[in-house]
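Undergrad: got a predicted structure here, sequence first:
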Amino acid sequence: MPDGNSRIQVITINSSPIATCLINAYMPSAQSSGDIEYKDTLDQISEIMDKYRETYQIILCGDMNASLHRDNRKRDTVFGEFKNINNLHIPDGYPIKPTFFHHNGKYTSQIDYFLFDERIIQQSNPNVKIAMRHPTNTSDHTLVTANMALKDADQEKLALKNKKRHLRQLQRQAHASKKEKFINEIMQASEKDSKTFHKLIKQQRSNHSSNTDVLYIGNEKFEGESILKAWTIHFEKLGTPNHDKNIFDLERFHLAKLQNDIIFENQHSKKEIKQATPEEVKSAIKNLSTGKTSDENGICSEHYKYAVDELSEEIASIINDIFSDLDVPKNLKNGLLTPVLKKEEG
């Protein structure tokens, strides 16, 4: 985080139900007249806590170079007042043991702390431990740890997302089961009970839902999420040429091939193409049909008609660039394909 300095480090944790701000401090050790540097560092920490307090729960830890558990020295009193003013606490059962051991071997004191705001004390009940000195520890401080439960907000969001997905899956399954049952009732009634059959048909026709629950491609049935696969198969078949004259319009196919051959020949013959003029563009725009759906950018024919004078020269320039380069920009080849479910006639 941008807050802090060489003595104060600030990190934030995306915990749940509220984020956590962890402030680690190394307080000045040298005592000067009035302890100005020590008090100034405490003021800086207070400003950081004020910045984050409203939306974060606060943890302050580090080498405080003052104690809450010894005789009331002046610096200890300043530190204790700072703790109370900022509503910081140590949990019940906080250990009272030395955390600092002077190199002369004569003096020890407890000056390393974890302090928590009231929300953490109430919700997480942190457990602070002070480790025994270990031969491999060359520091004059021993290890102080705090154990507390912090929930990962990102993991909670992911879990909620998975639950919603599972719920939607169950809803689709329930809806499909209900639909299947309804269809079976219609089929059975058509054979045995004419009155019930017509009642069910009327109920079916009164359902104006625009969602497709079942889709058939030939004799194959697709339901739920597999409907998207069905559309893929359907449009893939539409886009694959079938030269059976009973199915495919061979005459149109040959005309399209002839057109492509002419384009290819013109491209390689380098014949000069007549330049488009703004007047031709204006005429073309005026003949555009209105009331049609817009393109992928939300632009429809009405936009061109109302701005025909402003756009005609720009469009003519684009067309002439295409004639010159013999290449149509990719974004002009895009289109929107929307399957529309139509009622069966008869």
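TA: Okay, I see it.

Undergrad: now do the contacts for the nearest residue to H234 once chain neighbours are set aside.
TA: Using CB to CB, 6 or more residues apart in numbering and skipping residues adjacent in sequence, the residue nearest H234 is I217, 5.8 Å away. Glycine gets a C-beta too; all of them are placed from N, C-alpha and C. Applying CB atoms under 8 Å, 6 or more residues apart in numbering, we find I217 in contact with A230, I233, H234.

Undergrad: mind checking pLDDT for I217?
TA: I217 carries a pLDDT score of 75 in this model.

Undergrad: now swap in H175 and tell me
TA: Reading off the model, H175 has pLDDT 77.

Undergrad: which other helices and strands contact the host helix or strand of A176?
TA: According to DSSP states H and E, A176 maps onto helix 153-192. Judged by 3 or more CB pairs under 8 Å, 6 or more residues apart in numbering; DSSP states H and E, helix 153-192 is in contact with strand 15-16, helix 194-205.

Undergrad: and the first one, which strands flank it?
TA: Strand 15-16 has the following sheet partners, assigned by DSSP bridges: strand 151-152 (antiparallel).

Undergrad: report the rounded mean pLDDT for the strand it pairs with.
TA: 73.

Undergrad: how about residues contacting that strand?
TA: Applying CB under 8 Å, 6+ apart, the set of residues contacting strand 151-152 from outside is N14, S15, S16, P17.

Undergrad: please redo it, this time with the cut-off set to 6 Å
TA: Here strand 151-152 makes contact (CB atoms under 6 Å, 6 or more residues apart in numbering) with S16.

Undergrad: centre of the chain to that strand, how far?
TA: Taking CA atoms, centre = their mean, to the nearest Å, one finds strand 151-152 lying 18 Å from the centre of the chain it belongs to.

Undergrad: how about stretch 128-137?
TA: Per CA atoms, centre = their mean, the centroid offset for stretch 128-137 relative to its chain is 43 Å.

Undergrad: tell me the buried residues in that stretch?
TA: By neighbour count on 16 or more other CB atoms under 10 Å, the buried set for stretch 128-137 is V128, I130.

Undergrad: ok, W231 - contacts?
TA: By CB under 6 Å, 6+ apart, the contact list for W231 is empty.

Undergrad: and R75, what does it touch?
TA: R75 neighbours (CB under 6 Å, 6+ apart): D35, A66.

Undergrad: would you confirm that it belongs to a helix?
TA: Yes - the assignment for R75, made by DSSP: H, G, I helix; E, B strand; the rest coil, places it in a helix.

Undergrad: any idea how far T55 is from A66?
TA: Taking CB to CB, to the nearest Å as the measure, A66 falls 29 Å from T55.

Undergrad: and for H234, the neighbour number?
TA: For H234, the count of nearby residues is 15 (other CB atoms under 10 Å).

Undergrad: K97 now?
TA: Other residues within reach of K97, judged by other CB under 10 Å, total 14.

Undergrad: any idea how far it is from H69?
TA: Counting by CB to CB - K97 and H69 are separated by 9 Å.

Undergrad: who are the packing partners of the helix or strand containing I319?
TA: Element membership for I319 (DSSP H and E) is helix 308-325. Helix 308-325 is packed against helix 278-286, with contacts defined by 3 or more CB pairs under 6 Å, 6 or more residues apart in numbering; DSSP states H and E.

Undergrad: helix or strand right after the helix it packs on?
TA: Heading C-terminal from helix 278-286, the first helix or strand you meet, by DSSP H and E, is helix 301-306.

Undergrad: ok, now how distant is the residue nearest to H234 from I227?
TA: I217 is 10 Å from I227, by CB to CB.

Undergrad: what strand or helix carries Q44?
TA: helix 36-52.

Undergrad: for that helix, give me every contacting residue.
TA: The contact list for helix 36-52 (CB under 6 Å, 6+ apart) reads D3, R7, C21, M27, P28, I58, F82, N86.

Undergrad: same thing but at 8 Å, please
TA: Here helix 36-52 has contacts from 3-5, 7-8, 10, 12, 21, 23, 25, 27-28, 30-31, 58, 60, 65-66, 75, 78-79, 82, 85-86, using CB under 8 Å, 6+ apart.
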